[in-house]
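K.L.:
need a structure here:
(one chain, ligands or ions: 1)
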Amino acid sequence: MTDLTTLQQEIAAEQRHLDLVYARLAQLRRTAAKAEQEGYQLARVGNFGALVERDAMVFHAARRRHALDAEHEGLVFGRLDLRDGQVLHVGRLGVRGERSEPLVIDWRAPAAAAFYQATAADPQGVVRRRMIQSANERVTRIEDDLLDPGAAPSGMRVVGDGALLASLAKATGRGMRDIVATIQREQDEAIRSPAGGVTIVSGGPGTGKTAVALHRAAYLLYSDRNRFAGGGVLVVGPSGVFVEYIASVLPSLGEETATLHSLGSLFPGVVATRTDSAAVAAIKGSLRMRRVLERATHDAVPGGPTELRLLYRGELLRLDATQLDRIRARALPRGARRNEVRRAGIDGLFQALWSQVQRAPVGRLPEKANFEDDLAERGEFRDFIRAWWPRLHPWHVLGWLSQPERLRRYAEGLLSHREIRALSASYQNLDADGPTIADVAILDELDELLGKPMRPAKRRRDPFLLAGGVREVSTYADRQRAARAHAAERPEDYREYAHVVVDESQDVSPMQWRMLGRRGRLASWTVVGDPAQTAWTGDPRELAQSRDKALGRRARHDYTLSTNYRNPAEIFAVAAKVIREVAPDLALPTAVRTTGIEPVELTVSAGELPGATVRAVTELLGEVQGTVGVITPVPRRDEVSGWLADLAGPRLQVVTSLQAKGMEYDGVVLLAPTEIRTDSESGVRTLYVALSRATQRLTTIDPTR
Ligand SMILES: Nc1ncnc2c1ncn2[C@@H]1O[C@H](COP(=O)(O)OP(=O)(O)OP(=O)(O)O)[C@@H](O)[C@H]1O
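P.N.:
Next up is the predicted model:
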């Protein structure tokens, strides 16, 4: 134990440094405000060059000021005392003093790496590592590790007993917490993995894979801003619930420039949250779907014309269904994109009609070009083209799959009869229900197969342009917002990301890997996941093959994380027992905390389930300070939300077992584990995920059948 006076003296010493840092920060904020002021001055000069300069100035000032604001709380969190007597303070952002001396080193800078990597076995020149906690500009706690006692100068004091465990015991909020102050060495190695190639991070539940993925995004943006902020960093997670959960971490690391998406929101204009059953997801995610879709995009339009009749100089020109199909097939060979070869289809029509004209007694023949012009001017011909070869949106073709007869034709020989029936059933209410998450990859594939119709280019909006064409922004806040939006502005279907981070990658299907691959052709990658948690029940070879194709032949760097920071040992033991049933030899992470509290397992009759659920949730809300998650089998979610309506509030969330992927709650009430387990081939793995979501308390309630 550290005596109180020593502790107070050490805290006071850190407070003096913190005061210095915050005073300097206030000065820097004033400088940013001055730059804004100068921006206004430039605006008065009024010429275009000055305006451009002003925009750039305001943009940089805005960004700097925003960073200073965002990083204010807990700005300094570490200190290193080095062998050579140097003292470095580590924080969320780099701050230099008036003479350019470093007051705080950014956690991502090379000089800060030792803060995370030094150990007693390998001190890397660090004698003492100190963790500093603060709130409202006051130091509240410090914790030291003496890494190199032999090199400690006399009088060096060491206080505290374990910042990591203290931070793990804290209540969970609605969003994921950021772990920048307590990143562990194996995590730091993955975070600082080389920027190029593919970094693959695996590890069991709660080992910090998501935390590592997000810190890595922030690290890359810091280490090579030109490359990564310029091209963009895309972070993809499994569901909207998950993306919402992680969204606040990046800004708290000083990074707003990364784009976050769920697999259901990657296709422009669609935000899908529905999930399919595991069996249907395996069909929709299979590479065989690509061929099914290719056939669809080559088919005649439903309800389209089956005949073309035109009077030309008193002669009836006519093309029947077979001729029209033949023209379409010739203009649209395998591999061609329907929207892009529309012109070839029209040319085919002209050619077929021209042959008829040549044979007909129409008097003196016009030039072929004039004949085509004549037809092109005729309203009924143009109407025919629009109906026969419309510009198709992926939505149209997805809709065709809801017609059982069409789907059967497209899937013949590719899917089994059972698969076709299951797929067909899943599309019966497409219009009303909207697409599922798996359909989004299908829409993206269709988009690729159809190609883009030629459209006039969209004009880029000028963020400083107000209504009426006046180029001015009225307030600083407006400018700040506009400048940031301007920096992040990319076309909706942007595909040139410099880096793609894929979280929960074990659940990405082959078709989804294709969708990701299209956005990462120029990218380096960070792929994090845990194969033991996969819900994928399709062909594993197909999965490996499509993932390899998306990642290309880039060099791979593998990392494995081995400590479970989320679950107390008592809770993880229950989850481990479940996964051992299907993977007896799997290497599992070690849970570092114990609470002495065993999970509660209840069995109730079906009729008692609602009452037992309400009681268990009420109890957990009383026992933990942070969030409580209620995890249900997929079909039960809405019903269970209804039971808990009176308890609804920011601390309570009801999610399905699939939405629970990646999530974390202080207390978890898991309903109907047996249903989750038997729901599909991957049920045991999904149950494993659900059982490993709690940081403090777990109650399972199983209804008897
Ligand atoms: N070094 C650390 N210091 C403090 N907390 C940590 C550390 N590493 C991880 N954690 C915490 O452990 C929990 C689990 O982390 P995270 O969600 O990143 O794990 P994961 O490997 O993605 O889990 P899963 O695969 O189960 O979804 C989070 O609350 C995270 O903040």
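K.L.:
what's the following helix or strand after the helix or strand bottoming out on mean pLDDT in the chain?
P.N.:
Least confident helix or strand, the chain: helix 476-488 with a mean of 43, by mean pLDDT, DSSP states H and E. Sequence-wise, the next helix or strand downstream of helix 476-488 (DSSP states H and E) is strand 499-502.
K.L.:
chain center to that following strand: distance?
P.N.:
From the chain centre to the centre of strand 499-502 is a distance of 8 Å (CA atoms, centre = their mean, to the nearest Å).
K.L.:
who touches stretch 267-279?
P.N.:
By CB atoms under 8 Å, 6 or more residues apart in numbering, the residues outside stretch 267-279 that reach it are 239-240, 264-265, 281, 284, 394, 422, 426, 433-440, 443-444, 447, 492-493, 515, 535, 537, 634, 656, 658-659, 679-683. For glycine as for every other residue, the C-beta is placed from the backbone atoms N, C-alpha and C.
K.L.:
now the residues you listed: which count as buried?
P.N.:
239-240, 264-265, 281, 284, 394, 422, 426, 435-440, 443-444, 447, 515, 535, 537, 634, 656, 658-659, 679-680, 682-683 (16 or more other CB atoms under 10 Å).
K.L.:
Run through the residues that contact Ser355.
P.N.:
So Ser355 contacts nothing (CB under 8 Å, 6+ apart).
K.L.:
host element of it?
P.N.:
Assigned by DSSP H and E, Ser355 falls in helix 342-359.
K.L.:
ditto for Ser641
P.N.:
In this structure, Ser641 sits in helix 637-643 according to DSSP H and E.
K.L.:
Next, count neighbours for Pro540.
P.N.:
A count of nearby residues for Pro540, using other CB atoms under 10 Å, gives 11.
K.L.:
Correction: the previous question concerned Gly97.
P.N.:
Close neighbours of Gly97, defined as other CB under 10 Å, add up to 14.
K.L.:
same deal with Asp299?
P.N.:
Asp299, neighbours per other CB under 10 Å, totals 16.
K.L.:
Give me the distance between the helix holding Ser641 and the centre of its chain.
P.N.:
The chain centre lies 27 Å from the centre of helix 637-643; the measure is CA atoms, centre = their mean.
K.L.:
now stretch 588-599
P.N.:
Distance, stretch centre to chain centre, for stretch 588-599: 29 Å (CA atoms, centre = their mean).
K.L.:
List the buried residues in that stretch.
P.N.:
Result for stretch 588-599 [16+ other CB under 10 Å]: buried residues 588-589, 591-593, 599.
K.L.:
and that stretch, what's its mean pLDDT?
P.N.:
When pLDDT is averaged over stretch 588-599, the result is 92.
K.L.:
can you tell me which of the buried ones among the contacts of stretch 267-279 are in strands?
P.N.:
With strands defined by DSSP state E, the entries of these inside them are Thr656.
K.L.:
For Asp148, report the pLDDT, please.
P.N.:
87.
K.L.:
Now for it, how many residues are close by?
P.N.:
By the measure other CB under 10 Å, the count of residues near Asp148 is 19.
K.L.:
got the end-to-end distance for stretch 673-686?
P.N.:
For stretch 673-686, the first-to-last residue distance is 10 Å (CA to CA, to the nearest Å).
K.L.:
now stretch 255-268
P.N.:
Its start and end residues considered, stretch 255-268 measures 23 Å (CA to CA).
K.L.:
Buried residues in that stretch, which are they?
P.N.:
Result for stretch 255-268 [16+ other CB under 10 Å]: buried residues 255-267.
K.L.:
Ok, stretch 180-195 next?
P.N.:
Within stretch 180-195, the residues that count as buried by 16+ other CB under 10 Å are 180-184, 186-193, 195.
K.L.:
interface residues of the stretch 101-250 of the chain facing the ligand?
P.N.:
Listed as neighbours of the ligand in the stretch 101-250 of the chain under the rule CB under 6 Å from any ligand atom: 164, 167-168, 177, 179, 182-184, 187, 203, 205-211.
K.L.:
how about the helices in the stretch 1-150 of the chain?
P.N.:
Per DSSP state H, counting those that start in this stretch, the stretch 1-150 of the chain carries helices over the ranges 4-45, 48-70, 113-117.
K.L.:
Sorry, wrong one. I was asking about the stretch 201-350 of the chain.
P.N.:
All helices of the stretch 201-350 of the chain, identified by DSSP H, counting those that start in this stretch, fall at 209-223, 225-231, 240-246, 249-252, 278-284, 288-297, 321-331, 342-359.
K.L.:
Figure out which of those helices is closest to Val669.
P.N.:
Set against Val669 and scored by CB to CB, these come closest in helix 240-246, at 16.6 Å.
K.L.:
Close to the ligand: what parts of the stretch 501-650 of the chain are there?
P.N.:
Near the ligand, when you scan the stretch 501-650 of the chain using CB under 6 Å from any ligand atom, you find 530, 565-566.
K.L.:
Just give me the closest of these to Leu25.
P.N.:
Comparing these against Leu25 with CB to CB places Tyr565 closest, at 30.9 Å.
K.L.:
Remind me what the strand or helix carrying the closest one packs against, helices and strands.
P.N.:
With secondary structure defined by DSSP H and E, Tyr565 is part of strand 563-568. Helices and strands touching strand 563-568, by 3 or more CB pairs under 8 Å, 6 or more residues apart in numbering; DSSP states H and E, are helix 163-168, strand 590-593, strand 694-703.
K.L.:
how about a cut-off of 7 Å?
P.N.:
strand 590-593, strand 694-703 (3 or more CB pairs under 7 Å, 6 or more residues apart in numbering; DSSP states H and E).
K.L.:
Quick one: work out the angle between it and helix 209-223.
P.N.:
Per axes from the mean of the first three to the mean of the last three CA atoms, to 10 degrees, the angle that strand 563-568 makes with helix 209-223 is 130 degrees.
K.L.:
next one: strand 563-568 to chain centre, how far?
P.N.:
Distance, stretch centre to chain centre, for strand 563-568: 23 Å (CA atoms, centre = their mean).
K.L.:
Can you list the strands that that strand pairs with?
P.N.:
Strand 563-568 sits in its sheet next to strand 590-593 (parallel), going by DSSP bridges.
K.L.:
What lies in contact with the strand it pairs with?
P.N.:
When contacts are defined by CB atoms under 7 Å, 6 or more residues apart in numbering, strand 590-593 is touched by residues 165, 168, 562-565, 567-569, 572.
K.L.:
From Met515, how far out is the residue nearest in space to the middle of the chain?
P.N.:
Geometric centre of the chain, nearest residue: Val236, 2.2 Å, by CA atoms, centre = their mean. From Val236 across to Met515, the span is 9 Å (CB to CB, to the nearest Å).
K.L.:
Leaving out chain neighbours, which residue sits closest to Gly667?
P.N.:
Leu620 (3.5 Å; CB to CB, 6 or more residues apart in numbering).
K.L.:
before we move on, what about Ser680?
P.N.:
In space, and not counting its chain neighbours, Ser680 is closest to Ala278: 3.4 Å by CB to CB, 6+ apart.
K.L.:
got it, and Arg382?
P.N.:
Nearest residue to Arg382, sequence neighbours excluded (CB to CB, 6+ apart): Ala376, at 7.2 Å.
K.L.:
Likewise for Gly74?
P.N.:
Ser134 (5.9 Å).
K.L.:
what number of residues lie near that neighbour?
P.N.:
Residues near Ser134, counting by other CB under 10 Å, number 20.
K.L.:
what about it, distance to Phe77?
P.N.:
Taking CB to CB as the measure, Ser134 falls 8 Å from Phe77.
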